[in-house]
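Asker: can't give you the sequence, but here's the structure:
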């Protein structure tokens, strides 16, 4: 079924969105974010101030887990990726994980204080995201180790084959992180 739909997840505020792809002989078109239609389906107010794109050439690129001080709407323009979201906010869902397979026909809304990460499943993944705060070098992030066994994330590509930055490899495990006060 090709219908715009917003679904709640087990993490408060984390939403999964089914987008509508219009195909023809040239390719496809989608409305990646259409505020009025999304709000009619229960999407929260979201004042976009910045649009970002990350290109990933290879399969196995793994980024995160980063909890940023802003809300984030993520949609792929090309390829497929496995996304893992961890609630790092204070409360009973601290440490809870949700995973998704992202492709151009869906999106997720990640509320501030939840850690987000992804791993590319195809070459040439174009990862696009909208945020409601401007990036600043002074922003405070909560960072955790993506391959921490305590998270129980079943990454499609194992740690030995994942392509990661040295910075991401050095993040602490969940047990060493204090919940965010968002």
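Answerer: That came in fine, so what should we check first? Bear in mind the structure is a predicted one, so any value in this text is a computation, not a measurement.

Asker: start to end distance for stretch 99-106?
Answerer: 13 Å (Cα to Cα, to the nearest Å).

Asker: if you could redo that for stretch 52-72, that was the one I meant.
Answerer: Stretch 52-72: ends 10 Å apart by Cα to Cα.

Asker: buried residues in it?
Answerer: 56, 59-68, 70-72 (16 or more other Cβ atoms under 10 Å). Backbone N, C-alpha and C define where each C-beta goes, glycine included.

Asker: ok, longest helix in the protein?
Answerer: helix 35-40 (DSSP state H).

Asker: I'd like to know which elements the helix or strand following that one is packed against.
Answerer: Of the helices and strands lying after helix 35-40 in sequence (DSSP states H and E), the nearest is strand 50-56. The helices and strands touching strand 50-56, judged by 3 or more Cβ pairs under 8 Å, 6 or more residues apart in numbering; DSSP states H and E, are strand 125-131.

Asker: how far off centre is the strand it packs on?
Answerer: Here the centre of strand 125-131 is set off from its chain's centre by 9 Å, with Cα atoms, centre = their mean, to the nearest Å.

Asker: what of stretch 159-178?
Answerer: In terms of Cα atoms, centre = their mean, the centre of stretch 159-178 is found 16 Å from the chain centre.

Asker: center of this structure, which residue is that?
Answerer: Centre of the chain computed as the mean C-alpha position; nearest residue by Cα atoms, centre = their mean is residue 116, 4.8 Å away.
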